[in-house]
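Asks: the following comprises the amino acid sequence and a computationally predicted model.
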Amino acid sequence: MEQPWSVITTTNSILPDQQIMSLAHDTLNKRTWVGTPKGIVEISAQNQLILHDETEGELPLSMVTDKNGALWIGGHEPFSFRSKIKKFQSGVWTAYQLDLMGYPSTFPYAIGVDKDNAVVATLTGTAVHSVIKFSGGKWNEIALPAKVFGPRALGLEGDKVWVGGTELMRLNDIQPVVINMPTDNPGILSIAVDRQGYKWLGTTQHGLIIYHE
């Protein structure tokens, strides 16, 4: 019988660090990406590990692959306190320096790909509270409701962008909406959207909250 568990560590592989900060699976190329503080590891369908250390020293806070198999990473450099969104495709890295785009001292906590293969990222920092979208070769902001802070978690559902922070927000190209929550300031850290349209919200202190329109 096949063993139910496999454990990959720094002692039995080229994994550069025991701390796994983010993961993404590329269904097109049948590979898994592993983000650590000391580099990115690619695991092939044959379970071969390849270390990509171009991101060493940059914390991979978030990670996703798009429909073309490109890897996108929301990374943060703790010493310079600057962040980037980086794309890796066909062996080539492309970096978008967030402070040079007008987003200083920010954290790209979540990143995702929508139905049109556009990349969406949440940015939160001391003075930054933004959601940005990469489409048509450029980054644009998605409008947030007024007086809403701390966009962190991200869930994509059709044309809707669900963002969690101090509130749950539904964003689109028309009008952003704040959803009334059963508790004040839930501190939403994670969002998952299932096939029935239920939004599963992981919070800092209020447990798991489930929402359906």
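Replies: Received, thanks. Predicted model, so just to flag it, every value in this text is computed and none were measured.

Asks: and the helices in the chain?
Replies: Counting by DSSP state H, one finds no helices in the chain.

Asks: so where's it uncertain?
Replies: Where the chain drops to pLDDT under 70, the residues are 1, 173.

Asks: apply 80 and report the result again.
Replies: The model of the chain has pLDDT under 80 over residues 1-3, 56, 147-149, 173-174.

Asks: ok, what's across the strand from T32?
Replies: Applying DSSP bridges to T32 gives these bridge partners: H25, I43.

Asks: what's the local residue count around it?
Replies: Neighbour count for T32, taken as other C-beta atoms under 10 Å: 17. For glycine as for every other residue, the C-beta is placed from the backbone atoms N, C-alpha and C.

Asks: also Q97?
Replies: As a measure of burial, Q97 has 12 neighbours, counting by other C-beta under 10 Å.

Asks: surely it meets R82?
Replies: Yes - contact criterion C-beta atoms under 8 Å: Q97 and R82 qualify, at 7.0 Å.

Asks: contacts only, for A143.
Replies: Counting by C-beta atoms under 8 Å, 6 or more residues apart in numbering, A143 touches 171, 176.

Asks: go on, K147?
Replies: Contacts of K147 by C-beta under 8 Å, 6+ apart: none found.

Asks: any idea how far apart the tips of stretch 183-200 sit?
Replies: Taking C-alpha to C-alpha, to the nearest Å, stretch 183-200 runs 15 Å from one end to the other.

Asks: and the contacts of it?
Replies: 152-157, 162-168, 201-206, 208-213.

Asks: one more: stretch 170-180?
Replies: 131, 142-145, 148, 159-163, 167-169, 211.

Asks: can you pick the most crowded of those?
Replies: Tallying neighbours with other C-beta under 10 Å puts V163 at the head of the contacts of stretch 170-180, with 26 neighbours.

Asks: tell me who's in contact with that one.
Replies: Going by C-beta under 8 Å, 6+ apart, V163 touches 122, 131, 144, 151-155, 169, 171, 191.

Asks: what do you get for G57?
Replies: The neighbours of G57, taking C-beta under 8 Å, 6+ apart as the test, are 37-38, 77, 79.

Asks: tell me the one of those residues nearest Y109?
Replies: Lowest distance from Y109 to these (C-beta to C-beta) belongs to E77, with 14.9 Å.
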